[in-house]
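**Q** need coordinates for the following:
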Amino acid sequence: MSFVGRLILALVLALYISPARAAQPQTPWVKTFHSELRLISAKKRGLDGRSVLFAGIHLRLDKKWKTYWRSPGDAGLPPSLDWSGSRNIKSVRILWPGPERFADPFGSSIGYQDEVVFPLAVEPIDAGKRVDIKVKFYFAVCKDICAPAEAELKLTLGAKATPHESLLSKYLALVPAKIASGMPGPSVAGIEINLDQPRPQITVDAVFSGDAGKGDLFIDVPPPLYIPLTKRVKDAPGGRVRFMVDLAKGDDPKELKGKMLTFTLVSPEGNRETTRIVD
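**A** Next up is the predicted model:
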């Protein structure tokens, strides 16, 4: 074949291969400190009455290493993302699977161990045009020591199904649903908030439909405010558990006035959440 013929063939192949690369359902794994991560894509789904594209940050950690939830607990750094380098994207919303509680020498923390997928709900500016997501993901990795980590991931998103549907669905099912009347799973029977001295505290009565011993409750507040983790203070028949937060050990309780608190219940029977504005 002549040089010109080979050049034409190379150009044709390049045009043929480029769209296939753009349509890849995941990025390569990126190695970071005691962890690796990639960006995966999945089919378009409904969320809060809107049809949005879905992606996910798939994070795998070395055995017994962990990373943090949006509210890390007594110490730690919550994950964050920067999608400013993306194309044709109006918004990116990170969804948080229900976390677990860990005890370590620095206190108690909230997060994930070994593996987690953070689903991303992506709303394009123009649904009829190509959507390219570029995410800078910042997080912390901890075991006996903690270290910050980051990675930059790029992917073209599509509306069709990919090989990652079941993986993303697994973690979407762990994202707490809003508590509603008649909904199965854990619920909140009562919330009392006292901001006054000498004993400022939050008391929550939760009801778990299954093994109450495996249920937990987390309360997070808008940053930079800090409140301590909940403490389990009483178990009663019928799956009822009372949790308490000693606000005297956090920031000035008066700073909570007018702020919205999010109450997240996790259990083997499902994860739920509700909110409350502090009067």
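**Q** state the distance from S187 to L261.
**A** As judged by C-beta to C-beta, to the nearest Å, S187 and L261 stand 16 Å apart. C-beta coordinates here come from the backbone N, C-alpha and C atoms, glycine included.
**Q** walk me through the domains of the protein.
**A** 24-175, 178-277 (automatic domain parsing).
**Q** would you map the strands across the stretch 51-200 of the chain?
**A** Counting by DSSP state E, counting those that start in this stretch, one finds strands in the stretch 51-200 of the chain at the ranges 66-73, 80-82, 89-94, 100-104, 107-113, 115-124, 131-142, 146-157, 177-178, 187-194.
**Q** can I get the domains of the chain in TSV with mean neighbour count and mean pLDDT?
**A** As requested, the domains of the chain are exported to TSV (neighbours: other C-beta atoms under 10 Å; pLDDT from 0 to 100):
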stretch	mean neighbour count	mean pLDDT
domain 24-175	17	94
domain 178-277	16	95
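**Q** to S51, which of the strands of the stretch 51-200 of the chain lies closest?
**A** strand 115-124 (9.1 Å; C-beta to C-beta).
**Q** tell me the strands beside that closest one, with direction?
**A** strand 50-61 (antiparallel), strand 89-94 (antiparallel) (DSSP bridges).
**Q** let's see that strand as CSV, backbone CA atoms only.
**A** Extracted as CSV, the C-alpha positions of strand 115-124 are listed here (Å, rounded to 0.1, in the frame of the first residue of the first chain):
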residue,chain,number,x,y,z
GLU,A,115,-15.0,-0.2,49.0
VAL,A,116,-17.7,2.4,48.2
VAL,A,117,-19.4,4.0,45.1
PHE,A,118,-20.5,7.6,45.4
PRO,A,119,-23.3,8.0,42.8
LEU,A,120,-23.3,11.2,40.9
ALA,A,121,-26.6,12.7,39.4
VAL,A,122,-25.6,14.8,36.4
GLU,A,123,-28.0,17.3,34.9
PRO,A,124,-26.9,18.5,31.4
